[in-house]
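# give me a model of this one.
(one chain, ligands or ions: 1)
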Amino acid sequence: MTEKNIQEIINHLKTSGFVYQNSEIYGGITNTWDYGPYAINMLNAIKKYWISEFVRKEKNYLIDSKIIMNSNVWKASGHLDNFSDYLIENKINNKRYRADHIIKDLFPQINIEKLNYSELEKLIKEKVNEYDGSKCNWGEIRPFNLMFKTWMGAIENDSSKTYLRPETAQGIFVNFKNVQRTTRAKLPFGIGQIGKSFRNEITPRDFIFRTREFEQMELEFFCLENDANKYYKYWIEKCKNFVQFLGINEKNIRIRPHEKEELSHYSKGTSDIEYLFPFGWGELLGIANRGDYDLKQHMKYSNESLEYLDDEGKKIIPYVIEPSIGLDRLLFALLIDSYDVESLPNNDSRIVMHLDYKIAPIQVVILPLMKKLSEKAKEIYDSILKNTEIRVLYDETGSIGKRYRRYDAIGANFAITIDFDTIEKNIVTVRNRDNMLQKTIKVDEIINYLNDAYKTK
Ligand code: GAP
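Numbering: from 1, shown residues only. Below is the predicted model:
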């Protein structure tokens, strides 16, 4: 398969246990998706590797802060004043759109980062007479804050108003001193967190690429100002290696440094790692040099010291390098990258997800050739469940050919067939998902065989 058809992939993910429409029995809710068992297995595996690569091996720390925080956090961080998209309303169909998305859709050659909001408005009013299947009469462009608002407690007024976090990072900054004091960590060191973030996106779109609720894996790496550039480069490289390690093809990713006009309010430098989605290059994750912006802002608004005592006893405010990964986007890229439709002899074809063993939702499936053989097959299945962490499934329904196809289509690396030789000679057939080759091994060798496959991948 050369061109990947995004709608075909989405349909496959929706019908095969990866993604379900949220609240489907009530007609759903705009671009909101739930993850099924296979996606959850993959997400858990990705999180495990992130913790291992970004926290454990780097001698960093993990925390878990809350989604709802004191609303002064968002005043200090700048999100209340700056975290907005530009919204424009078409008065003919009464729909609101992100101004930059209209330009991106219709004039992809224009660099929107260079335009201010009045230039964006002028361009849309002059050039866009038809959009989204409707004639246009554009209103004024307005900033729209992306934070979800809510109220704490029984009374809904300004003092009880609060927000769902739009990034996990701020929970780390406000705990910087707590972690440093209680672990006695010395610079440089990082604090990581995995958790949900929320943004009231005006136009959530592209399936799980842009949603209003999503999960982030963020690391705030605190260091001396003089070392910031060195660590900025280090974490860019580390992130690129990480997505390749999970199985994304190098030719489908690129590093894109932000232009000055594009930088977030806190950033001294940002680079995105982008993936070539079927709808074009899109941001998978970002690495930012946030300088001392966040800690300084929180010191100013809280009147608390977040300073660090360096080796000479001098008080300093560390710089921060932040690799921030969106789990949903990473999952989407991994699924797209691995999806293939392969032609087979006799005008046949199969869907196959060439997912790496490390993150495949199912690593091995146990298939008795006939129901008669189920007792022996279940014994093997139970033994794998009991003695290993291998993601294993058991299936005895349908012809063996159909079962192979079913598990190729969700990316199960191996299928182990139990036949009469298993009873008589204690051997099974292992089929490799990618090349469909089969080989026989002894029952006692199954676990070693799977563990070896894991090591060589
Ligand atoms: N703390 C920095 C930060 O939040 P960001 O570039 O706004 O930076 C980081 O977000 C990552 O979070 C993005 O690279 C993307 O993977 C993910 N992300 C952001 N908004 C998202 C959305 N609406 N839906 C899904 N993922 C999103």
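# shaky segments in the stretch 51-200 of the chain?
Nowhere does the stretch 51-200 of the chain drop to pLDDT under 70.
# repeat the analysis, applying 90 as the threshold.
Where the stretch 51-200 of the chain drops to pLDDT under 90, the residues are 82, 85, 104-105, 108-119, 158-159.
# what residues does it put near the ligand?
Along the stretch 51-200 of the chain, the residues adjacent to the ligand under the rule CB under 6 Å from any ligand atom are 167, 169, 199. Just so you know, the C-beta spots here come from the backbone N, C-alpha and C atoms, and that holds for glycine as well.
# can I get those residues in CSV with neighbour count and secondary structure?
Output for these, formatted as CSV (neighbours: other CB atoms under 10 Å; DSSP: H, G, I helix; E, B strand; the rest coil):
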residue, neighbour count, secondary structure
E167, 19, coil
A169, 25, helix
R199, 21, coil
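# save these as JSON lines, and put in distance to L284 too.
As requested, those are exported to JSON lines (distance: CB to CB, whole Å):
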{"residue": "E167", "distance to L284": "16"}
{"residue": "A169", "distance to L284": "17"}
{"residue": "R199", "distance to L284": "17"}
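# pull the distance from stretch 379-399 to the chain's centre.
Chain-centre distance of stretch 379-399: 28 Å, with CA atoms, centre = their mean, to the nearest Å.
# which positions within that stretch qualify as buried?
By neighbour count on 16 or more other CB atoms under 10 Å, the buried set for stretch 379-399 is 380-381, 384, 390-396.
# other SSEs contacting the helix or strand that contains R431?
Following DSSP states H and E, the helix or strand that holds R431 is strand 427-432. Secondary-structure packing of strand 427-432 (3 or more CB pairs under 8 Å, 6 or more residues apart in numbering; DSSP states H and E): strand 414-418, helix 420-425, strand 438-442, helix 446-456.
# show me the contacts for the one residue in the stretch 301-450 of the chain that gets nearest to the ligand.
The nearest approach of the stretch 301-450 of the chain to the ligand comes at G326, 2.1 Å away (CB to the nearest ligand atom). With contact taken as CB atoms under 8 Å, 6 or more residues apart in numbering, G326 is in contact with 214-216, 284-285.
# per-residue pLDDT of it, please?
You'll see G326 listed with a pLDDT of 98.
# what lines up beside the strand holding R431 in the sheet?
strand 414-418 (antiparallel), strand 438-442 (antiparallel) (DSSP bridges).
# L334 reaches L246, doesn't it?
Yes: the pair L334 / L246 is scored as a contact, 6.2 Å apart, by CB atoms under 8 Å.
# overlap in contacts of the two?
Common contacts of L334 and L246, defined by CB under 8 Å, 6+ apart, comprise 46, 359.
# the residue lying closest to N426 once chain neighbours are set aside: neighbouring residues, count only.
Distances taken as CB to CB, 6 or more residues apart in numbering place V443 nearest to N426, at 4.9 Å, with adjacent residues excluded. Residues within reach of V443, counting by other CB atoms under 10 Å, total 17.
# give me phi/psi at the residue of the stretch 301-450 of the chain closest to the ligand?
phi -90, psi 120 (degrees, to the nearest 10).
# separation between the closest residue to Y131 other than its chain neighbours and D206?
Nearest residue to Y131, sequence neighbours excluded (CB to CB, 6+ apart): I102, at 6.1 Å. Distance check for I102 against D206: by CB to CB, to the nearest Å, it reads 15 Å.
# so which of the two has more stuff around it?
A direct count of neighbours by other CB under 10 Å for I102 and D206 places I102 higher, at 24 against 18.
# doesn't the more buried one lie inside a helix?
Yes: assessed with DSSP: H, G, I helix; E, B strand; the rest coil, I102 lies in a helix.
# return the most buried member of the strands paired with strand 427-432.
Highest mean neighbour count of the strands paired with strand 427-432: strand 414-418, a mean of 24 (counted as mean count of other CB atoms under 10 Å).
# now do that strand: everything it contacts.
363-369, 373, 376-377, 380, 400, 403-404, 407, 428-433, 438, 446, 450, 453.
# cool, stretch 249-258 as well?
Contact with stretch 249-258 is made by 113, 236, 240, 243-244, 267, 269-276, 281, 284, 333, 337, as judged by CB under 8 Å, 6+ apart.
# Three-state assignment for G411, please.
At G411 the chain is in coil, as set by three-state DSSP.
# summarise which helices and strands the lengthiest helix in the chain is packed against.
Longest helix of the chain, by residue count under DSSP state H: helix 228-245. With contacts defined as 3+ CB pairs under 8 Å, 6+ apart, helix 228-245 has these neighbours: helix 37-50, strand 213-223, strand 253-257, strand 269-277, strand 280-291, strand 319-326.
# need those in TSV (columns: distance to H79).
Listed next are those as TSV, based on distance: least, CB to CB, whole Å:
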stretch	distance to H79
helix 37-50	24
strand 213-223	14
strand 253-257	24
strand 269-277	16
strand 280-291	13
strand 319-326	14
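# of these, flag the one that's most buried.
Ranked by mean neighbours (mean count of other CB under 10 Å), these are led by strand 319-326, with a mean of 25.
# which strands or helices does the next helix or strand along the chain from it pack on?
Once the chain leaves strand 319-326, the next helix or strand it forms, by DSSP H and E, is helix 327-338. Counting contacts by 3+ CB pairs under 8 Å, 6+ apart, helix 327-338 packs against helix 6-15, helix 37-50, strand 213-223, strand 269-277, strand 280-291.
# could you dump these to JSON lines with mean pLDDT and distance to the ligand?
Putting the helices and strands packed on helix 327-338 into JSON lines (pLDDT from 0 to 100; distance: least, CB to the nearest ligand atom, whole Å) gives the following:
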{"stretch": "helix 6-15", "mean pLDDT": "97", "distance to the ligand": "15"}
{"stretch": "helix 37-50", "mean pLDDT": "98", "distance to the ligand": "12"}
{"stretch": "strand 213-223", "mean pLDDT": "98", "distance to the ligand": "4"}
{"stretch": "strand 269-277", "mean pLDDT": "97", "distance to the ligand": "7"}
{"stretch": "strand 280-291", "mean pLDDT": "96", "distance to the ligand": "4"}
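# quick one: closest of these to Y357.
If you check each of the helices and strands packed on helix 327-338 against Y357 by CB to CB, helix 37-50 wins as the nearest, at 9.8 Å.
# contacts for the closest one, please.
Residues outside helix 37-50 that contact it (CB under 8 Å, 6+ apart) are 13, 16-19, 35, 192, 194, 215, 217, 242, 245-246, 325, 327, 330-331, 334, 355, 358-362, 391, 410-411.
# and for stretch 132-145?
Stretch 132-145 is contacted by residues 79-80, 83-93, 95, 97, 99, 117-118, 120-121, 124-125, 128-130, 200, 202 when judged by CB under 8 Å, 6+ apart.
# returning to that earlier point: and the contacts of strand 414-418, which are buried?
363-369, 373, 376-377, 380, 400, 403-404, 407, 428-431, 433, 446, 450, 453.
# average pLDDT for the longest helix of the chain, rounded please.
Helix 228-245 carries an average pLDDT of 98.
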